[in-house]
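*Asks:* can't give you the sequence, but here's the structure:
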């Protein structure tokens, strides 16, 4: 590593992630900002790309917004310090602490062009679709992707804003009202954060389905009534505990066989929200929706929720101490990060720190 290079985790293909020296990205756009990364979490989407990608990673052609294709620097759940700004940047200045909203969507003059910018057909993610990423010492992003962090939030909390935004967006996009009941299938990082978002939204009762003992215990600590397939039919258990099914069910496993269970856990007229990114197809009997007049919706990422997430964090939601189970150096991200998460389901969120 020299004064012109930095350490970064670069994705070449599935199961080929290398921590190596790469050039420090240049600041060429007047609305761009260079950020020194302080903390970056490993996301379930990162795991999908590592284990079975490419999914979002552009391989055959450059991404239309980043202009890059594999090999690309990974990492999209991160926070850091602004160290340099373009000539037209007005939202931040050097020294500011920022959480990065990594959505790549059409933008101009420091702003997204679409109101629902997460639904752009050109959607990509900084750290998945090229342009740099958080598994590095420095990265360059547009000023429209930066959110000033309150002084009382730690770097780890800043890195957790991105996955918490997924959870909060999922609950806000649902029709849930205060006093409703919900079930969350899968209590990895996003599932646990969905539980937190449901609590913040006023859900009266929350059920959680999980196979891992450690993750189930985490869900219980957060206030959910937990169920495991090892104890019998989880759908029957949820129906028995909720007088005929919950109002809302959130699918956060990406496991095809779970989808039908998630649908069946709701009562007639209930709603299912699919939060997962899928590696393969999932099937269900459409009559389970039709005859019961259930509804199903999907969500992708988030929009306009980062300030709300950080405000909830200041009130004690989405706490790092509830979610972060390990902290590692960037040079260890493959073996102690990705491989560990794939093989040790007791892990929740592993936080990665680049070298100084």
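*Replies:* Yep, that arrived. These numbers were taken from a predicted model, which means no experiment stands behind them.
*Asks:* Can you name the residues that contact the nearest residue to residue 156 once chain neighbours are set aside?
*Replies:* Take residue 156 and drop its neighbours on the chain: the residue closest to it by C-beta to C-beta, 6 or more residues apart in numbering is residue 320, 4.2 Å away. For every residue, glycine as well, the C-beta is placed using N, CA and C. Residue 320 makes contacts with 154, 156, 157, 160, 351, as judged by C-beta atoms under 8 Å, 6 or more residues apart in numbering.
*Asks:* and if you look at residue 284?
*Replies:* Applying C-beta under 8 Å, 6+ apart to residue 284 gives the contacts 259, 260, 263.
*Asks:* my guess is residue 85 meets residue 94, correct?
*Replies:* Yes: in terms of C-beta atoms under 8 Å, residue 85 counts as a neighbour of residue 94; the distance is 6.5 Å.
*Asks:* more neighbours, these two?
*Replies:* Between residue 85 and residue 94, counted using other C-beta atoms under 10 Å, the more crowded position is residue 85 (21 against 13).
*Asks:* Can you name the helix or strand that the residue lying closest to the more buried one once chain neighbours are set aside falls in?
*Replies:* Spatially, and ignoring its direct neighbours in sequence, residue 85 is nearest to residue 33 (5.1 Å; C-beta to C-beta, 6+ apart). Element membership of residue 33, judged by DSSP states H and E, is strand 32-41.
*Asks:* And the average pLDDT for that strand is what?
*Replies:* Mean pLDDT, taken over the full extent of strand 32-41, equals 98.
*Asks:* Give the pairing partners of that strand; include direction for each.
*Replies:* For strand 32-41, the pairing partners within the sheet under DSSP bridges are strand 77-85 (antiparallel), strand 138-142 (antiparallel), strand 349-353 (antiparallel).
*Asks:* okay, those in JSON lines with distance to residue 21 and mean pLDDT next?
*Replies:* As requested, these are exported to JSON lines (distance: least, C-beta to C-beta, whole Å; pLDDT from 0 to 100):
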{"stretch": "strand 77-85", "distance to residue 21": "19", "mean pLDDT": "98"}
{"stretch": "strand 138-142", "distance to residue 21": "13", "mean pLDDT": "98"}
{"stretch": "strand 349-353", "distance to residue 21": "17", "mean pLDDT": "98"}
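*Asks:* Adding distance to residue 173, write these out as JSON lines.
*Replies:* Supplementary listing: the strands paired with strand 32-41 in JSON lines, determined by distance: least, C-beta to C-beta, whole Å:
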{"stretch": "strand 77-85", "distance to residue 173": "20"}
{"stretch": "strand 138-142", "distance to residue 173": "25"}
{"stretch": "strand 349-353", "distance to residue 173": "23"}
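*Asks:* Please spell out which residue in this protein sits farthest from the middle.
*Replies:* Here the centre of the chain is the reference, and by C-alpha atoms, centre = their mean the most remote residue is residue 291, at 33.4 Å.
*Asks:* ok, that residue to residue 269 distance?
*Replies:* Using C-beta to C-beta, to the nearest Å, one obtains 11 Å as the distance from residue 291 to residue 269.
*Asks:* Name the SS class of residue 198, please.
*Replies:* Local secondary structure at residue 198 is given as helix here, using DSSP: H, G, I helix; E, B strand; the rest coil.
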